[in-house]
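K.L.:
Any chance you could fold what I've pasted below:
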Amino acid sequence: MTETASRARAPWHLWALALVSLIWFAGGANDYLQTKLGNREYLAMAAEGSGVSLEIMDGYVASFPLWATIAWALGVWGAVGGSLLLVLRSRFAVHAFIASLAGLAVTTAWTYASEASAPFVNTFQIVFSVLIWLSVIGMAYYSSRMTKAGVLR
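P.N.:
Next up, the predicted model:
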């Protein structure tokens, strides 16, 4: 029996969730890239959306220690990788989402503990953080279930 023959058929929701999660997490990847590349127009829009000046935004971005930047990258790229691995029907999708959760945990802790983050912590930020957490936890759980069901190999 070949590997393809032994693999369970992919349900429609695998493709739907993989696509939706890839689009959702690509937003975080874009934020990461625009911030790390120092895109002034993007940072100005983010500052305006947060109700702060560009100078405050610059100070916040500059305050990120290396370990927080690494955790942010792990959170963002782990989620994007997990979504891509779902498209490829790889069982390693769950590992990527777990790595994303680890990065998200460190980044969230730093965000809410750092004084530099204070101007950005508001109801919208808290709700958005909860949505991100639920998304990554949900995708990790879903990937685990699809692996156990033999859909991901």
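K.L.:
chain center to stretch 26-37: distance?
P.N.:
Put simply, stretch 26-37 sits 10 Å off its chain's centre (CA atoms, centre = their mean, to the nearest Å).
K.L.:
List phi and psi for residue 132.
P.N.:
phi -60, psi -50 (degrees, to the nearest 10).
K.L.:
Which helix or which strand is home to the residue nearest to it when sequence neighbours are not counted?
P.N.:
Excluding the flanking residues, the one nearest residue 132 by CB to CB, 6 or more residues apart in numbering is residue 104, at 6.7 Å. All C-beta spots, glycine's among them, are computed from the backbone N, C-alpha and C. Assigned by DSSP states H and E, residue 104 belongs to helix 93-113.
K.L.:
Looking at that helix now, give me its mean pLDDT.
P.N.:
Helix 93-113 carries an average pLDDT of 96.
K.L.:
Touching, the residue nearest to residue 132 and residue 82? I think so.
P.N.:
No - Residue 104 is not in contact with residue 82 according to CB atoms under 8 Å; the separation is 11.9 Å.
K.L.:
Before I go, just wanted to say thanks for your time.
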